[in-house]
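Student: Mind looking at a prediction? Sequence and model below.
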Amino acid sequence: MDFKQQLVQQSVEAKDIFLPHISADPVIFGFEHNELKVLLLKTNYRKIWLLPGGYVRKDEDLDEAVKRILKERSGITDIYLEEFGVFGKKNRSELYFEDFDDTLFQKQRFITVGYYALYSPSMFRLIPDEFSETCEWVYVSKLPEIEFGMDHYEIIQQALFTLRQKISTKPIGQNLLPEKFTLPELQKLYEAVLGKELNRGNFYRKIKNMGILKKLEEQRRGGAHKAPDLYSFDDEHYERAMKNGLNSW
C-alpha cells in the first residue's frame, strides 16, 4: 500500500471514529544546547513537516484527545498541555490534500485547537507513527528554512508568542532544566524563549525575587573560572506561582 492509499484507507475508518471538522495540534517546545526546539513530524505523504496533530474521537474530551494524539503520533506520554488558540482559516487543511477527491475525510474543513507544553527532549524516546517518515526535535531558529504543511508554522509562531507573554506571569524551567542548574543556565533558557539577550544583573535580581529557587550548598565544578553556585526549584513555591502567577517580569 502506497502513502496515498494509506490516507484513503484512514479516511474510510475515520468517518466512523472521529468528529468531523475539529482537530487538535500540540506544540511541544524543548530546550537543548541553549536553544529552543519544537517537536515535528515529517510526513510520508508530500515529505513536508507538520505538528503531531490529529482528530478527536466521538467518545472523548478534547483535552484527553490531544494527549492520545501526541502519544500515537510521537510516543510521548504523561505530559501537561495548555490550550492557547483556535485556528480556522478557510482551506487551511483542504489545500494540503488537494491531490485527493473531495470526499476524503482529511480534506474536509477542520478547525484546530492549539495546545503547547515545555519539556526537555531528553525525557522522551520519540516513536513516529505509520504516517510519518520521522519524528524529531527541530531548532526554532531553523523553522523558516523548512517547508510546512497547512498553517502549522503559523500555529507554532502563535504558541511562541503566547509563551513569551506568559513568561512574565508564570515560571518556566521545571521540565526543561536538570534538577540542579546554575543561574547562567536559567538565563540562557529565558533568553532562548524571549529571543533576546537579558542583562545579567537585572535577571539575577528578578529571578531571585520570584521566590521559586533554592540555593544549594554546592557548586558546578570543572570550569576554568570560579565555580558557579547550583540552584534547584522550590517545588512548593513553583507550583504556587504556576497557580497564582508572578509579579510582572
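Tutor: Thanks, I have it. Residues are numbered from 1 along each chain as shown.
Student: For the residue nearest the centre of the chain, list each beta-bridge partner.
Tutor: Residue closest to the average C-alpha location in the chain (C-alpha atoms, centre = their mean): I28, at 1.3 Å. Under DSSP bridges, the beta-bridge partners of I28 are A117.
Student: give the contact list for it.
Tutor: Counting by C-beta atoms under 8 Å, 6 or more residues apart in numbering, I28 makes contact with 38-39, 52, 70, 74, 76, 79, 116-119. Where you see a C-beta, it was placed from the backbone N, CA and C, and this is true even at glycine.
Student: quick check, nearest of the residues you listed to D59?
Tutor: L70 (18.3 Å; C-beta to C-beta).
Student: isn't that closest one right up against L41?
Tutor: No. Counting by C-beta atoms under 8 Å, L41 is not a contact partner of L70; they are 10.9 Å apart.
Student: which residues are in contact with both of those two?
Tutor: Contacts common to L70 and L41, judged by C-beta under 8 Å, 6+ apart, are P52.
Student: Please report the number of neighbouring residues for the residue nearest to T162 when sequence neighbours are not counted.
Tutor: Nearest non-adjacent residue to T162, counting by C-beta to C-beta, 6 or more residues apart in numbering: F84, 4.4 Å away. Neighbour count for F84, taken as other C-beta atoms under 10 Å: 19.
Student: before we move on, what about E98?
Tutor: Using other C-beta under 10 Å, the number of residues around E98 comes to 9.
Student: Got phi/psi on it?
Tutor: Note on E98: its backbone torsions stand at phi -60, psi -20 [degrees, to the nearest 10].
Student: ok, so what distance separates K42 from E147?
Tutor: Separation of K42 from E147 (C-beta to C-beta, to the nearest Å) stands at 10 Å.
Student: so E82 sits right up against Y116, yeah?
Tutor: Yes. Taking contacts as C-beta under 8 Å, E82 lies within contact range of Y116: 6.0 Å.
Student: neighbour-wise, which of these two wins?
Tutor: Taking neighbours as other C-beta under 10 Å, E82 and Y116 compare with Y116 leading, 23 against 15.
Student: ok, which stretches of this structure are strands?
Tutor: With DSSP state E as the criterion, the chain has strands at 18-32, 35-43, 49-50, 54-57, 82-87, 111-118, 132-139, 213-219, 229-233.
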